[in-house]
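Engineer: Got a predicted structure here, sequence first:
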Amino acid sequence: MQEIIEAIKESAIKIKHLIQTGDTGKSEQENSTGDTQLKLDIASDEIIEEIFKKVPSIKAIVSEEQDSIVNLNENGQYLIAYDPLDGSSLVDVNLSVGSIFGIYKNEFNAKNIIASVYVVFGPRVEMVTAIDDVKMYRLQNGEFKFIQNIVLNEKGKLNAPGSTQNCWAPFHKEMIDDIFNDGYRLRYSGGMVPDLHQILLKGGGLFSYPGTTDRPKGKLRQLFEVFPFAYVYEKANGAAIDGHKRVLEVETTHIHDTTPCFFGSKTEINRVLEVYSKHA
Ligand code: P6P
């Protein structure tokens, strides 16, 4: 596992440079989910794949930016699903973005996730690992230095309501409005990695990306985005659900499947469960 963490550190240093110097324009290609790929998406994906190819313990990888699984080492132990540069369209407005890695054994599915890592490219570059607990590291003078463990409070103050609001179910809109009426602060940049990182570091709250009339199964991808962050939040004493159950109990039928998702402190997640239990 440590050689995978070291590989991710190496990729982060290269992607940091790419963000600062690379072309933020659109490519001619689309990814499997139909998103037009930015040149940064493709370049960061290439950086990660080239580095992972040198890690003997990695059996196979799958990227949000590629259609299918890439087999690397027959005798490898680990499978890695990753989003090389989530929120890449935010780079050209100078907002924070991130890389997300889910580490799986045997199969790419929720019950087989055994660790996750994400990297935030913001004013500072920080890496968070979730194995048995959640640890944060910061890039300083070319090295990732340990900063702190991350543990969520039972209840937080931040609310990050995602997706297209005019496509929310009325009961979802009422729930979000009620949360704001209770004094929660709006914190939503459109980048999953910095938005979830902020809630973790500020002690808690709620991030939601529900199913909507335009996207009944949500937008965020199970293997590359949702399951890795669900693993982080559960290890940080929080929770992650699809509205009705743990998101790490959601079945995957295709590697690019999405799912509605809610991440947060336990109090906020219980509030979502209570509201959603009254609606099928
Ligand atoms: P919306 C970025 O494109 C992303 O995949 C996540 O990083 C982010 O949480 C979400 O989409 C934002 O989506 O529909 O709120 O703009």
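Structural biologist: Thanks, I have the structure now. What you see is a predicted model, and the numbers here were worked out from it, not measured in a lab.
Engineer: ok, the residue of the chain found nearest the ligand - contacts?
Structural biologist: Residue of the chain nearest the ligand, by CB to the nearest ligand atom: Met192 (3.3 Å). Just so you know, the C-beta spots here come from the backbone N, C-alpha and C atoms, and that holds for glycine as well. Shown in contact with Met192 (CB atoms under 8 Å, 6 or more residues apart in numbering): 86-87, 98, 100, 207, 209, 220, 225, 229.
Engineer: quick one: which of those residues has the most company?
Structural biologist: Gly98 (30 neighbours; other CB atoms under 10 Å).
Engineer: Next, count neighbours for the nearest residue in space to it that is not next to it in sequence.
Structural biologist: Leaving aside its sequence neighbours, Gly98 sits nearest to Val193 (CB to CB, 6 or more residues apart in numbering; 2.6 Å). Here the count is done by other CB under 10 Å, and Val193 has 27 residues near it.
Engineer: surely Val193 meets Ile100?
Structural biologist: Yes: using CB atoms under 8 Å, Val193 is in contact with Ile100, at 6.4 Å.
Engineer: for the longest helix seen in the chain, which positions count as buried?
Structural biologist: Longest helix in the chain by number of residues (criterion: DSSP state H): helix 2-21. Neighbour counts over helix 2-21 (16 or more other CB atoms under 10 Å) mark 4-5, 7-15, 18-19 as buried.
Engineer: ok so, going back, how about the contacts of Met192, which pair is most distant?
Structural biologist: Gly98 and Tyr209 (15.4 Å; CB to CB).
Engineer: on that earlier part again, for the residue of the chain closest to the ligand, phi and psi?
Structural biologist: phi -60, psi -40 (degrees, to the nearest 10).
Engineer: Ok, Gly98 next?
Structural biologist: The phi/psi pair for Gly98 (degrees, to the nearest 10) is phi -160, psi 160.
Engineer: Report the contact partners of the nearest residue to Tyr188 once chain neighbours are set aside.
Structural biologist: Among residues not flanking Tyr188 along the chain, Ala160 sits closest, at 4.5 Å (CB to CB, 6+ apart). Shown in contact with Ala160 (CB under 8 Å, 6+ apart): 186-188, 195-196, 198-199, 205-208.
Engineer: Then Glu174?
Structural biologist: Contacts of Glu174 by CB under 8 Å, 6+ apart are Val275.
Engineer: And the pLDDT for it?
Structural biologist: Here, the pLDDT recorded for Glu174 equals 98.
Engineer: Looks to me like it is in a strand.
Structural biologist: No: with DSSP: H, G, I helix; E, B strand; the rest coil as the criterion, Glu174 is located in helix rather than a strand.
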